[in-house]
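K.L.:
Provided below for reference: sequence and predicted model.
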Amino acid sequence: MSELSGAERRHAERVDAQLNLQVHLPLEEGPTSLQMLNVSSAGVYFRSKRYIEPMTKLEMEFDVPVGDVQLPVRCEGIIARIIPELPDPSVDEFDVAVFFTTIDSESFENLEAYIEGRLQP
């Protein structure tokens, strides 16, 4: 079974999102603040100044603007992909894709409302 070259494999619609993301990494004190690049109902994509091993579990928190209010999103996920794939001291930033593993219903509804609002013309 072959896959079309360049075919989109994501099932969830992704939207650009310049949001502040608080990430709680294992064995670190306190959250790390990062800039989110985009988000979907299945995960987030952000840039990190440090390498994070694939399959690392994370706790994440961010707020999404919906109408005139900021709504909280709290979730857990795993590092699905990091580019470059290996630690490299010459790299200033790594592109990190996280797949959500746990998101409560209120957070999911808040995230969906944000995404739907961004997809409206």
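P.N.:
It's in. Residues are numbered from 1 along each chain as shown.
K.L.:
Spit out the contact partners of the residue nearest to the spatial centre of the chain.
P.N.:
Nearest to the mean C-alpha position of the chain, by Cα atoms, centre = their mean, lies residue 44 at 1.6 Å. The contact partners of residue 44, taken as Cβ atoms under 8 Å, 6 or more residues apart in numbering, are 17, 21, 36, 38, 60, 62, 77, 97-98, 100. Bear in mind the C-beta positions are built from the backbone N, C-alpha and C, glycine included.
K.L.:
Name every strand pairing with the one helix or strand it maps to and say which way it goes.
P.N.:
Using DSSP states H and E, residue 44 sits in strand 43-48. The pairing partners recorded for strand 43-48 under DSSP bridges are strand 32-39 (antiparallel), strand 94-103 (antiparallel).
K.L.:
Using CSV, list the CA coordinates for the last one.
P.N.:
Below are the C-alpha coordinates for strand 94-103, written out as CSV (Å, rounded to 0.1, in the frame of the first residue of the first chain):
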residue,chain,number,x,y,z
PHE,A,94,14.1,23.2,17.4
ASP,A,95,10.6,22.8,15.8
VAL,A,96,8.5,20.5,18.1
ALA,A,97,5.2,18.7,17.3
VAL,A,98,3.2,17.5,20.3
PHE,A,99,0.2,15.0,20.0
PHE,A,100,-2.4,15.5,22.8
THR,A,101,-2.9,12.4,24.9
THR,A,102,-5.2,13.9,27.5
ILE,A,103,-7.5,16.9,27.3
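K.L.:
follow-up on the earlier one: please pull up the helix or strand immediately following the strand holding residue 44.
P.N.:
Downstream of strand 43-48, the first helix or strand assigned by DSSP H and E is strand 57-66.
K.L.:
Give me the helices and strands touching that next one, please.
P.N.:
Using 3 or more Cβ pairs under 8 Å, 6 or more residues apart in numbering; DSSP states H and E as the contact criterion, the elements in contact with strand 57-66 are strand 20-24, strand 69-83, strand 94-103, helix 105-119.
K.L.:
One more pass at 10 Å, please.
P.N.:
strand 20-24, strand 32-39, strand 43-48, strand 69-83, strand 94-103, helix 105-119 (3 or more Cβ pairs under 10 Å, 6 or more residues apart in numbering; DSSP states H and E).
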